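Student: My questions concern the predicted model and sequence given below.
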Amino acid sequence: MAVAGTTVAGAAGETRVPTRRGPGPVVRDQQRTGIAFVAIPMLLFLIFSVIPMLFACYLSFTDFKFTRAPIWTGLENFRYLAIDKVFHTALRNTALYALGVVPSGMILSLVVALFMNQKVRGIVAFRTCYYLPVVTSTVASAVVWMWMFATDVGILNAGLELVGLPRQRWLMDTKLALPSVMFMSVWKSIGYSMIIYLAALQGIPEHLYEAAEIDGANSWHRFRHVTLPLLKATTFFIFVTSVISSFQIFGSIFVMTQGGPGYATTTIVHQIYLNAFKYLRMGYGAAEALVLFAIIFVLSMINWFFLRSDVEYW
Amino acid sequence: MTAEVEKPLARPRRPFTTALAARLGTRLALYAVLIITSILMIVPFLWMVSTSLKPDYQIFEFPPTWIPQELNWGNYVNAWQKAHFSRYALNTAVYAVFATLGQVTLCSMAGYSFARLRFPGQGILFVLVLATMMIPFQMLLIPLFVILKRWPLVGGNNLFGTGGTGLIDTLVGLTLPSTISAFGIFLMRQFSLTLPSELADAARMDGCNEATIFWRIMMPLMKPALTTLAIFAFQDAWNDFTWPLVITMTERTRTLQLGLQTFQNQFFTEWGLLMAGTTITVLPLVVLFVIGQRYFVQGIALSGTKG
């Protein structure tokens, strides 16, 4: 996903040493070494990425129960996907999740980054606080938040009671379960986007602000007409990568709600997991995975084209 | 914070204008917001540690209290010994260390080759590496499981990969797919492009071959990027949940994340024990982050902005 603005076309490399009789010793040594250095990585890629990718595409057109060889069923899996209510619920939940988590996470992280960029003291301490949830694993965060969301003795309900509000059932409530998971996800992801925003903010040259100030711009104008336009590329990058990772939500769902109550929090990857490894309908799971891939592929393409055509401001 | 406020006031000659007061006010508000939100961010961690150290009778106290009345380390002892967290920690360490070693070696070799050497098929191979970055890992779960199950000549399998369980439920199977990463190769290639070519040229003049130039001259120069890559590889493996969930079956190979999840399923009311287990799981990375914060930040900035 970090394909950001690179030239794809191979290596910058060293200058070739021209000779009359074929390649010289340096060129031959480079070729030998180059091939030797990429041989093992490429072999691993072949076994653990390329072949699985092709295999996954093939499986999505088959009936594969794992215990016996896959049987070709053509578009059968996809026909079933079109009428599978549970998968549609999963798609909707995943989209809702992305819709809730991405914009709020981005706005909050931008605000925090703007604050942190005001030459504050103790920036390391603040940054540590915001970033700790990012280095914490999904499972650990999920377990801690389950404890906080606990209905009887959870600290959140204690807080609600303290201010005279009724207790909530949080993760056990059909309406509140997904928002609860979303809340945790925002908490967990702010630090990451914040660091990217902060790096971008620190990359904006000071003289642009000085020039704006001379022209009589107040702080809002400076933000609106200097900062915001210069953050366009960063914002877009964060947007696309957040949407992509939101569509891959699985761990926190699996730990916190198991997709429930009912199907209230089941997501695309949760369905892939259940179908493939619980109900052993691996062909159908592969078809669902192909849908996920299609969504992510389109998003990556948009990201890539956008970043390639990006304008430099200075 | 107070120092920040007092400093301008301490200067006697400067008149206390409304403009100054306004600036002080903004500054105060700024710090107030930052401090309050920072505390909110770490509340779950404080609550986790607090619960893990509480004696049992205090855990279900309502309204809850923050400070344990007496420190109860028993939860940690129980999690470590009875709940097999020692075993899980060892498995996780093996997974994380070997994934890191693999990525640091293989990604730097490949990344350097793509950036600084010329060999046939280079362009197409690099495009292939970039393309695999777009594949969601969840899509590869099913095929990877099948491939590892049918790995020939291990786990009771014959030459054609049938008869046994292959690399399923082994630490090798857990680790092997993570020993390489497209992101790592991309990162090391971008960094290799910035290395000075004069050194390599001089070494070539002296008759050094390309492999020696890489190991002796370039590798030491790549240290900052290697550290960043190592930290990310370690973090990804340590925190990984989905792959261990699919590939491990028994206590023998289970990682901390999976242990925590299974544990939570079985003992979801023993919050003290559960929070102790969670603290054990989280602590190594928190320490790593506090020590190597600079490299985390650099790495994210590097992947988030245009190289």
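Tutor: Arrived safely, thanks for sending.
Student: Give me the most central residue, the chain.
Tutor: If you meant another chain, say so; for now it's chain A. A:Ser245 (2.2 Å; Cα atoms, centre = their mean).
Student: ah, no, chain B please
Tutor: A centroid search over chain B (Cα atoms, centre = their mean) returns B:Gln235, at 1.2 Å, as the residue closest to the centre.
Student: what are the phi and psi angles of B:Gln266?
Tutor: phi -80, psi -40 (degrees, to the nearest 10).
Student: just A:Trp72 next, same as before
Tutor: With angles defined as degrees, to the nearest 10, A:Trp72 sits at phi -70, psi 120.
Student: And it, how far from A:Phe78?
Tutor: Using Cβ to Cβ, to the nearest Å, we find A:Trp72 at a distance of 13 Å from A:Phe78. All C-beta spots, glycine's among them, are computed from the backbone N, C-alpha and C.
Student: and if you look at B:Tyr57?
Tutor: From B:Tyr57 to A:Phe78 the distance is 57 Å (Cβ to Cβ).
Student: Looking at the two now, which is surrounded by more residues?
Tutor: Neighbours per residue (other Cβ atoms under 10 Å in any protein chain shown) separate B:Tyr57 from A:Phe78, with A:Phe78 holding more: 16 against 9.
Student: In terms of helices and strands, where is that one?
Tutor: Assigned by DSSP states H and E, A:Phe78 belongs to helix A:76-83.
Student: do the same with A:Tyr131
Tutor: Element membership for A:Tyr131 (DSSP H and E) is helix A:123-135.
Student: before we move on, what about A:Cys57?
Tutor: Assigned by DSSP H and E, A:Cys57 falls within helix A:51-59.
Student: That helix - contacts with which helices or strands?
Tutor: helix A:282-308, helix B:137-149 (3 or more Cβ pairs under 8 Å, 6 or more residues apart in numbering or on different chains; DSSP states H and E).
Student: what number of residues lie near B:Thr17?
Tutor: Burial measure for B:Thr17: 9 neighbouring residues, criterion other Cβ under 10 Å.
Student: who's in contact with the residue nearest to the centre of chain B?
Tutor: Residues touching B:Gln235, when contacts are defined by Cβ atoms under 8 Å, 6 or more residues apart in numbering or on different chains, comprise A:Val135, B:Leu285, B:Leu288.
Student: pLDDT, distance to B:Met222 and neighbour count added to these, as TSV?
Tutor: Below are the contacts of B:Gln235 laid out as TSV (pLDDT from 0 to 100; distance: Cβ to Cβ, whole Å; neighbours: other Cβ atoms under 10 Å in any protein chain shown):
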residue	pLDDT	distance to B:Met222	neighbour count
A:Val135	92	24	23
B:Leu285	92	24	21
B:Leu288	90	20	17
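Student: tell me the phi and psi of residue 33?
Tutor: I'll assume chain A. Comment: the main-chain dihedrals of A:Thr33 come out as phi -60, psi -50, following degrees, to the nearest 10.
Student: any idea how far B:Phe234 is from B:Leu226?
Tutor: Going from B:Phe234 to B:Leu226 by Cβ to Cβ gives 12 Å.
Student: Need the single longest helix in chain B, by residues.
Tutor: In chain B, with assignment by DSSP state H, the single longest helix is helix B:18-53.
Student: list the buried ones in that helix?
Tutor: B:27, B:30-31, B:34, B:37-38, B:41, B:44-45, B:47-53 (16 or more other Cβ atoms under 10 Å in any protein chain shown).
Student: what does the average pLDDT come to for that helix?
Tutor: Throughout helix B:18-53, pLDDT has a mean value of 88.
Student: Toward the C-terminus, what is the element adjacent to that helix?
Tutor: Counting by DSSP H and E, what follows helix B:18-53 is helix B:56-59.
Student: that older thread, rank the helices and strands packed on helix A:51-59 by mean pLDDT and give me the bottom one.
Tutor: Confidence, taken as mean pLDDT, is least for helix A:282-308 of the helices and strands packed on helix A:51-59 (a mean of 86).
Student: quick one on the thing from earlier: now do the helix holding A:Cys57 and helix A:76-83, the angle between them.
Tutor: Here the directions of helix A:51-59 and helix A:76-83 differ by 70 degrees (axes from the mean of the first three to the mean of the last three Cα atoms, to 10 degrees).
Student: what's in contact with helix A:51-59?
Tutor: When contacts are taken as Cβ under 8 Å, 6+ apart, the neighbours of helix A:51-59 outside the stretch itself are A:70, A:282-283, A:286, A:289-290, B:132, B:135, B:139-140, B:142-144, B:146-147.
Student: With stretch A:284-294 instead?
Tutor: Contacts of stretch A:284-294 with the rest of the structure, by Cβ under 8 Å, 6+ apart, involve A:56-57, A:59-62, A:64, A:77-78, A:80-81, A:87, A:247-248, A:268-269, A:271-277, B:135-136, B:138-139, B:141-143.
Student: Using PDB, write out every CA atom in stretch B:251-268.
Tutor: These are the backbone C-alpha positions of stretch B:251-268, laid out as PDB (Å, rounded to 0.1, in the frame of the first residue of the first chain):
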ATOM      1  CA  GLU B 251      -0.900 -25.600  23.000                       C
ATOM      2  CA  ARG B 252       2.400 -26.600  21.500                       C
ATOM      3  CA  THR B 253       2.400 -23.900  18.800                       C
ATOM      4  CA  ARG B 254      -0.100 -21.400  20.100                       C
ATOM      5  CA  THR B 255       1.100 -17.800  20.300                       C
ATOM      6  CA  LEU B 256       0.300 -15.200  23.000                       C
ATOM      7  CA  GLN B 257      -2.400 -13.500  20.900                       C
ATOM      8  CA  LEU B 258      -4.100 -16.800  20.300                       C
ATOM      9  CA  GLY B 259      -3.600 -17.900  23.900                       C
ATOM     10  CA  LEU B 260      -5.200 -14.700  25.100                       C
ATOM     11  CA  GLN B 261      -8.200 -15.200  22.800                       C
ATOM     12  CA  THR B 262      -8.700 -18.900  23.800                       C
ATOM     13  CA  PHE B 263      -8.200 -18.000  27.400                       C
ATOM     14  CA  GLN B 264     -10.700 -15.200  27.200                       C
ATOM     15  CA  ASN B 265     -13.200 -17.700  25.700                       C
ATOM     16  CA  GLN B 266     -12.700 -20.100  28.600                       C
ATOM     17  CA  PHE B 267     -12.300 -17.800  31.600                       C
ATOM     18  CA  PHE B 268     -14.200 -14.700  30.500                       C
END
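Student: And the contacts of it?
Tutor: Under the criterion Cβ under 8 Å, 6+ apart, residues A:137-140, A:143, A:146, A:254-255, B:83-85, B:87-89, B:91-92, B:95, B:169-171, B:174, B:238-241, B:244-245, B:247-248, B:273-274, B:277-278, B:280-281 lie in contact with stretch B:251-268.
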